[in-house]
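Undergrad: Sharing a model that was predicted from the sequence below.
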Amino acid sequence: MASLTSQLPILLFLFVTAFTSADSQSFIGVNYGQVADNLPAPASTAKLLQSTTIKQVRLYGSDPDVIKALANTGIGIVIGIANGAIPALAADPNAAVQWINSNVVPFYPASNITLINVGNEVLFSNDQGLISQLLPAMRNVQSALAAASLGGKVRVSSVHAMTLLSQSDPPSSGRFNPAFVDVLKGLLAFQRDNASPFAVNPYPFFAYQSDPRPETLAFCLFQPNAGRVDPGSGIKYMNMFDAQVDALKSALNAIGFNDIAILVAETGWPYRGDSNEVGPSVENAKAYNGNLIQHLRSMVGTPLIPGKPVETYIFALYDENLKPGPTSERSFGLFKPDLSATYDAGLSKSSQTPSTPSGTPSPKPTPSPMPTNSSKWCVPKTGGVSDAQLQANLDYACGHGIDCSAIQPGGACFDPNTVASHAAYAMNLYYHTVGTDPMNCDFSQTATLTSTNPSKFP
């Protein structure tokens, strides 16, 4: 095995070029709900989105004004078909043809429609009639797209709730509710044939509400925590998002669909709630969404889906003031009706990284990859640091805004493929990115600063 220090010259060279352009990150999307009477005009929303790094928008319907406003912006558009329309689409292929001809054909390709979601959480409804009609409706919509020469250009899926899982903890034990397995196998076979993703709505917010301990909050917000070891796989999870996504991955694997991509159709955290609600606050919402965005940008993926981010749509673009239920249901918006940000989640094109919430070190406003005023390098301590701790350091650094693509398969620093080598790269990159303060090279007392340039090591 090559020594760690022998790899550091290459690591430091790649450090200089290791920043990806946030503008190219098509895996970050947002939900654009419209259950409100105070939303900005679609044209104003289109301009707002163009000022951000958001590259995908999910609609729950197919509002033509919104679809037209997003034309020629390069923003991908996901549109939806309401549950109430499913019976007609299932019963009559011509109804699907008419729907595609009215809601897709007039706008495509100027409006970059990429996916049609047929229904939202249909299986969760427990309406057996509707559930039985979902797959026929999806097939008819797919056939209508093919008839319009859009097959393979616009995908067809359906969005599911996490309640499809009868077991999710630990992630390796993830399994679908047996009552839904036969239906899911039919849906997933269709999606495999048409290369469409399995769309789900994981919410660490609700996991925290069911277990409101401080350590659970840190785990849900991507903040420093002890992690949770999955006894089935031996994997140490450092955040709830990865754990929930990997529980879904395990469930897909268990029924023979390990090749189906997962799409996170909704996830978010409310910034306000009623007095009896646990978890909503501006600080927590900023922490969850800001750290989630950093985690996606790190390209580290999840333990079971490594090396690539999961396409994720944050809930939501705006508050929806006409929604029923607790205050939190009307308080997920990243932006206000006047187009100002509710808080800084790091989505503006003018900010390279989001401001880091409490509990994590604060990045400098304009980080410099190789600060000229620093002659220090952050490296793991020699001896006594376990691979498990180094992996935790690696996960933490790559989940907080640095680009770890160089140590992913195919990257220039992937070899030697050891946790020590990868951790050294990530820890030093993190230290120089968030600020060359000694506290940023602590890593639970497993790292040290050296004033000897590693590139001069023998």
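TA: Yep, that arrived. Residues are numbered from 1 along each chain as shown.
Undergrad: Pass me the low-pLDDT residue ranges in this structure, would you?
TA: Counting by pLDDT under 70, the chain contains low-confidence ranges at 1-25, 351-374, 401, 453-458.
Undergrad: one more time with 50, if that's ok
TA: Residue ranges of the chain with pLDDT under 50: 1-24, 352-373, 455-458.
Undergrad: mind checking the longest helix of it?
TA: Longest helix of the chain, by residue count under DSSP state H: helix 128-147.
Undergrad: Which strands and helices lie in contact with that helix?
TA: helix 86-91, helix 93-103, strand 113-120, strand 155-161, helix 178-193 (3 or more C-beta pairs under 8 Å, 6 or more residues apart in numbering; DSSP states H and E). Glycine gets a C-beta too; all of them are placed from N, C-alpha and C.
Undergrad: All the strands of the stretch 251-400 of the chain, in order from the start?
TA: 262-267, 301-302, 305-306, 312-314, 377-380 (DSSP state E, counting those that start in this stretch).
Undergrad: Paired strands for the first one, with orientation please.
TA: Okay, so that is strand 262-267. Sheet pairing of strand 262-267 (DSSP bridges) gives strand 198-201 (parallel), strand 312-314 (parallel).
Undergrad: How about residues contacting that strand?
TA: With C-beta atoms under 8 Å, 6 or more residues apart in numbering as the test, strand 262-267 has contacts from 31, 58, 117, 157, 159, 197-204, 241, 245, 248-249, 252, 292, 305, 310-315.
Undergrad: and it, how far out from the chain's middle?
TA: 7 Å (C-alpha atoms, centre = their mean, to the nearest Å).
Undergrad: May I have stretch 108-116 exported as CSV, CA atoms only?
TA: C-alpha atoms of stretch 108-116 as CSV (Å, rounded to 0.1, in the frame of the first residue of the first chain):
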residue,chain,number,x,y,z
TYR,A,108,-41.8,21.0,-25.4
PRO,A,109,-38.9,21.4,-26.0
ALA,A,110,-38.8,25.1,-25.2
SER,A,111,-40.1,24.2,-21.8
ASN,A,112,-37.8,21.4,-20.7
ILE,A,113,-40.4,18.9,-19.3
THR,A,114,-38.4,15.9,-18.1
LEU,A,115,-40.8,13.9,-16.0
ILE,A,116,-44.5,13.3,-15.5
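Undergrad: List the buried residues of that stretch.
TA: For stretch 108-116, the neighbour count (16 or more other C-beta atoms under 10 Å) marks Tyr108, Ser111, Asn112, Ile113, Thr114, Leu115, Ile116 as buried.
Undergrad: Which of those sits closest to Pro337?
TA: Ser111 (23.5 Å; C-beta to C-beta).
Undergrad: Can you tell me how far Asn253 is from Gly174?
TA: In this view, Asn253 and Gly174 are 8 Å apart by C-beta to C-beta, to the nearest Å.
Undergrad: more neighbours, these two?
TA: Neighbour count, other C-beta atoms under 10 Å: between Asn253 and Gly174, Gly174 has more, with 25 against 16.
Undergrad: What's the local residue count around Lys236?
TA: Under the neighbour criterion other C-beta under 10 Å, Lys236 is assigned a count of 16.
Undergrad: Same check on the one 4 residues further on?
TA: Met240 is flanked by 25 other residues according to other C-beta under 10 Å.
Undergrad: Ok, Asn126 next?
TA: Asn126: 9 surrounding residues under other C-beta under 10 Å.
Undergrad: give me phi/psi at it?
TA: Main-chain dihedrals, Asn126, degrees, to the nearest 10: phi 60, psi 20.
Undergrad: picking up where we left off before, how about a markdown table for the helices and strands packed on helix 128-147, with distance to Tyr430 added?
TA: Below are the helices and strands packed on helix 128-147 laid out as a markdown table (distance: least, C-beta to C-beta, whole Å):
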| stretch | distance to Tyr430 |
| --- | --- |
| helix 86-91 | 47 |
| helix 93-103 | 45 |
| strand 113-120 | 33 |
| strand 155-161 | 35 |
| helix 178-193 | 37 |
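Undergrad: Out of these, which gets nearest to Lys286?
TA: Judging the helices and strands packed on helix 128-147 by C-beta to C-beta, what sits closest to Lys286 is strand 155-161, at 25.5 Å.
Undergrad: residues of the closest one that come out buried?
TA: Arg155, Val156, Ser157, Ser158, Val159, His160, Ala161.
Undergrad: on that earlier part again, Ser386: which of the strands paired with strand 262-267 is closest?
TA: When these are compared by C-beta to C-beta, strand 312-314 sits nearest Ser386, at 31.2 Å.
Undergrad: Show residues contacting the closest one.
TA: 27-31, 56, 58, 78, 263-268, 289, 292-293, 296, 334, 345.
Undergrad: Also stretch 44-53?
TA: So stretch 44-53 is contacted by 22-23, 25, 28, 30, 32, 39-40, 57, 66, 69-70, 73, 75, 317, 335, 339, 347-349 (C-beta under 8 Å, 6+ apart).
Undergrad: cool, and stretch 324-339?
TA: Residues contacting stretch 324-339 (C-beta under 8 Å, 6+ apart): 30, 38-40, 44, 48, 268-274, 277, 280, 285, 289, 314-321, 323, 341-343, 345, 347.
Undergrad: redo that, cut-off 7 Å
TA: For stretch 324-339, contacts defined as C-beta atoms under 7 Å, 6 or more residues apart in numbering pick out 30, 38-40, 44, 48, 268, 270-274, 277, 280, 289, 314-321, 323, 341-342, 345.
Undergrad: now stretch 60-72
TA: Applying C-beta under 7 Å, 6+ apart, the contact partners of stretch 60-72 are 32-34, 42-43, 45-46, 57, 59, 77, 79-80, 82, 103, 107, 110-111, 120.
Undergrad: Among those, which are located in helices?
TA: Pro42, Ala43, Thr45, Ala46, Asn103.
Undergrad: what's around the third one, how many residues?
TA: Right, the one you point to is Thr45. By other C-beta under 10 Å, the residues close to Thr45 number 20.
Undergrad: One more: the fourth one?
TA: Applying the criterion other C-beta under 10 Å, we find 19 residues in the vicinity of Ala46.
Undergrad: sorry, back to before: among the contacts of stretch 324-339, the buried ones, what's the PyMOL command?
TA: Selection of buried members from the contacts of stretch 324-339 for PyMOL, criterion 16+ other C-beta under 10 Å:
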select buried, resi 30+39+40+48+268+270+271+272+273+280+289+314+315+316+317+318+319+320+342+345
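Undergrad: before we move on, the earlier item: from the buried residues of strand 155-161, which is closest to Phe414?
TA: Of all the buried residues of strand 155-161, Phe414 sits closest to Arg155, with 30.5 Å by C-beta to C-beta.
Undergrad: List the residues that contact the closest residue to that closest one other than its chain neighbours.
TA: Excluding its sequence neighbours, the residue lying closest to Arg155 (C-beta to C-beta, 6 or more residues apart in numbering) is Ser196, at 4.1 Å. Contacts of Ser196 were listed using C-beta under 7 Å, 6+ apart, and they are Arg155, Val156, Ser157.
Undergrad: Quick check on Ser196: phi, psi?
TA: phi -110, psi 150.
Undergrad: rewinding a little: closest to Ile86 out of the contacts of Ser196?
TA: Val156 (12.6 Å).
Undergrad: I'd like to know how far that closest one sits from Ser102.
TA: Taking C-beta to C-beta, one finds Val156 at 16 Å from Ser102.
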